[in-house]
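**Q** with the input below, show me the fold.
(one chain, ligands or ions: 1)
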Amino acid sequence: MNKQVRAIGLLSGGLDSILAIKVVQQQGIEVTGLSFVTPFFNANAAQKAADQLGVPLIIKDITAEHFKIVKNPPHGYGKTMNPCIDCHALMVKIAGGIMQGEGFDFIFTGEVLNERPMSQNRASLEIVAKTSGYKEYLIRPLSAKFLNQTKPEQEGIVDHSKFLDLQGRSRKRQIAMAREFGVKEYPNPAGGCLLTDKGFSNRLRELLSYNEDPSVRELRLLRLGRHFRLADTAKLIVGRNQQENEVLESLFESQGYMIMTDDEISGPTCLLIGDNLSEYLERCALICAAYSDVAPGIECPVNIKHASKVSKTTVITDRSHRETDRI
Ligand code: SF4
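**A** Coordinates of the predicted model:
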């Protein structure tokens, strides 16, 4: 009896990764999805896709290894702080380790030749394969017709002739395939990774210029609120709406400060983070009041929480504090 062939597929939840799974499954191969989490992306879309496809999903938190690459990518960045070539190589390397450890026959991804000019041209696909250390076992089923055959293809474990010849930026064929396969839900190709967002990347660059080794919490805070650099070691984050205020409140830690207007006043939740913070409290109260609904020139009562203690102060509302030192 022939042994069941098993493969591990990188699943972002985007259409290409879903179609790659469908194409591999058409050969009767058993597929397990693999997705990753860091402070810059999560596995929510992958989980949704895995549920839709009915495949098991392994989720790995790769924050530490991934962040090393974000800070210093051997093959450089894309348009923003996205180190896509090295990020892909890391993901394939991790997939390779799982393949070896758990007896899968090969790894595959939804990469499409020349779909992304920098990270998915022929040279980049080659670098990803080589750098990962699993070149011989990495199949790109959607573009395999244009690429060298891997070991499982040469050995006939999988049928190379059933793989595809997709290439380029047009997604017409993928959309037609999605219809054929009955794939109804898939996210927009642009979304998902904060490192491809210009505003987020600027904040990250700014943070790294003051602190080469930020905590996961600091990285998570980058996606929230308005940010003010008060000093090399002091930063204020100001919630922009009720939802952000609630998240900021949940991220309060006793060594920092939380600054809020009195309950009866509509105003932001602000977190002051860093070291030697007490000298910035007056400024923070002014910034908090500047974003409240108290009219300019009028007194605004502000509460300052540190550890479990709350102190009160009053400042005169002045909207000019909205812009000074804003990142
Ligand atoms: S977009 Fe983000 S998650 Fe995707 S390869 Fe690039 S850096 Fe990695």
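
**Q** now the residue of the stretch 101-250 of the chain found nearest the ligand: phi and psi?
**A** Relative to the ligand, the nearest point of the stretch 101-250 of the chain is residue 193 (3.1 Å; CB to the nearest ligand atom). Heads up, the C-betas are built off the backbone N, CA and C, glycines and all. Backbone torsions of residue 193, given as degrees, to the nearest 10, read phi -110, psi 120.

**Q** surely it meets residue 81?
**A** No: here residue 193 lies out of contact with residue 81, judged by CB atoms under 8 Å, at a distance of 9.9 Å.

**Q** more neighbours: which of the two?
**A** residue 81 (23 against 19; other CB atoms under 10 Å).

**Q** the residue nearest to that one when sequence neighbours are not counted: what secondary structure?
**A** The shortest distance from residue 81 to any residue other than its chain neighbours is 3.8 Å, reached at residue 201 (CB to CB, 6 or more residues apart in numbering). Put simply, residue 201 is helix when judged by DSSP: H, G, I helix; E, B strand; the rest coil.

**Q** biggest helix in this protein, by residue count?
**A** Across the chain, the helix with the greatest residue count (assigned by DSSP state H) is helix 84-102.

**Q** this structure: helices as residue ranges?
**A** 15-25, 44-53, 63-71, 84-102, 122-132, 151-154, 172-181, 198-210, 216-221, 242-250, 281-290.

**Q** which other helices and strands does the second one contact?
**A** In terms of contacts (3 or more CB pairs under 8 Å, 6 or more residues apart in numbering; DSSP states H and E), helix 44-53 is packed against helix 15-25, strand 30-37, strand 57-61.

**Q** the ligand: which of the ones you listed is closest?
**A** Per CB to the nearest ligand atom, nearest to the ligand of these: strand 30-37, 7.6 Å.

**Q** pLDDT on the closest one, on average?
**A** The average pLDDT for strand 30-37 rounds to 98.

**Q** what angle do it and helix 84-102 make?
**A** Going by axes from the mean of the first three to the mean of the last three CA atoms, to 10 degrees, strand 30-37 is angled at 130 degrees with respect to helix 84-102.

**Q** okay, now residue 114: neighbour count?
**A** With neighbours defined by other CB under 10 Å, the count for residue 114 comes to 16.

**Q** hmm, it is touching residue 120, no?
**A** Yes: if you go by CB under 8 Å, residue 114 and residue 120 touch, sitting 6.3 Å apart.

**Q** show me where pLDDT drops low in this structure?
**A** Along the chain, segments meeting pLDDT under 70 span 1, 190-191.

**Q** can we see that at 80?
**A** 1-2, 188-191, 324-325 (pLDDT under 80).

**Q** how close does the residue nearest to residue 81 get to residue 88?
**A** For residue 201, the distance to residue 88 (CB to CB, to the nearest Å) stands at 18 Å.

**Q** please apply the same query to residue 145.
**A** 20 Å.

**Q** neighbour count for the two, which is higher?
**A** residue 88 (23 against 15).

**Q** quick one: contacts for the more buried one?
**A** By CB atoms under 8 Å, 6 or more residues apart in numbering, the contact set of residue 88 is 109, 111, 119, 128, 132.
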